[in-house]
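>>> quick one: sequence and predicted model below, then my questions.
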Amino acid sequence: MKKIFIATVALFSLVASAQMSLKKLDGTPINNGDVFTYDVAVEPGSYMGIKIYNSSGSPINVKAKVESVTNSDGTNVQFCLGDVCLATVTAGNSYPPNFPAFIDANSENGDFDHFLNLNSGINPNLPVSYSFKFYQVDGSGAEVGNSVSFSYRYVSPLGVSSFNQLEQSGVVLKSNVVSNELEMTTTKELQYSLFDANGKSVLTQNLEIGNHAIDFSNFSAGIYILSYQNKEGQNGSIRIIKK
């Protein structure tokens, strides 16, 4: 009985310590917290091949949880992992739903597993984002070993107004690249919202006619979308780059 117990513990230790790593098909490492941004929602430009590597001496079973979906209903995608290929994903669900992808000891998956976004977004002015967690499971489906979480993001170059279009609807900007303040002149009363790269609203404000300075000093460096609508119903958006 003691030998059986020791053998079971040893087997569990091997499974629990099995190391999984991910790379894109082109060899780019996929690390925890990485965000991969695409500016098209058509093939082949929106294709992200996903390689799964098992560096341990034991086979591993892998699933992927869709942790969040932003500015999308989850349709018009391709998510292929193991023997399953899906056209729709749902936040909170793990895939494959039944049998996990099997990666043999000291081996890797094939070149077919991938994620592909063809969805331009519920609001095309805002980024579309999918957050994934790739993790290992044991024979009973319980999570074991390490995991890797990352985000796939689509930011459309379309649906963003030009400076001339902004002026026609009441907004004059000196620059869309800022360090601490975004200087803006409004010739019409309006309401604006500022969205971060995840599509989350970080600031909403009503503006009267006049000169204004929006404080960016507490915002992280990155891309933001300023979206607004004036009282005449005219609207627009502009990409803001915080240095």
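Sure, I can see it.

>>> low-confidence stretches in the protein?
Flagging of the chain using pLDDT under 70 yields the residue ranges 1-18, 157-161.

>>> quick one: the helices in it?
Defined through DSSP state H, the helices belonging to the chain, from first to last, are 2-16, 163-168.

>>> so which elements touch the last one?
In this case it means helix 163-168. The contact analysis (3 or more CB pairs under 8 Å, 6 or more residues apart in numbering; DSSP states H and E) places helix 163-168 against strand 171-173, strand 235-242. C-betas here are computed from N, CA, C, even on glycine.

>>> hmm, 7 Å instead?
Helix 163-168 makes packing contacts with strand 235-242 when contacts are defined by 3 or more CB pairs under 7 Å, 6 or more residues apart in numbering; DSSP states H and E.

>>> tell me which residues are up against the strand it packs on.
Outside strand 235-242, the residues that touch it by CB atoms under 7 Å, 6 or more residues apart in numbering are 125, 159-161, 165-166, 169, 171, 173, 176-178, 182, 216, 219, 221-229.

>>> again, only this time at 6 Å
Counting contacts by CB atoms under 6 Å, 6 or more residues apart in numbering, the residues outside strand 235-242 that touch it are 125, 160-161, 165-166, 169, 176-178, 216, 219, 221-227, 229.

>>> from these, list just the buried residues.
When those are checked for burial by 16 or more other CB atoms under 10 Å, the buried set is 125, 160-161, 166, 169, 178, 216, 219, 224-227, 229.

>>> what about the closest residue to residue 135 other than its chain neighbours, how many neighbours?
By the measure of CB to CB, 6 or more residues apart in numbering, the closest residue to residue 135 outside its immediate chain neighbours is residue 147, 3.8 Å from it. Burial measure for residue 147: 17 neighbouring residues, criterion other CB atoms under 10 Å.

>>> going forward, begin numbering at 578 instead of 1
Shifting the count to begin at 578 puts that one at residue 724.
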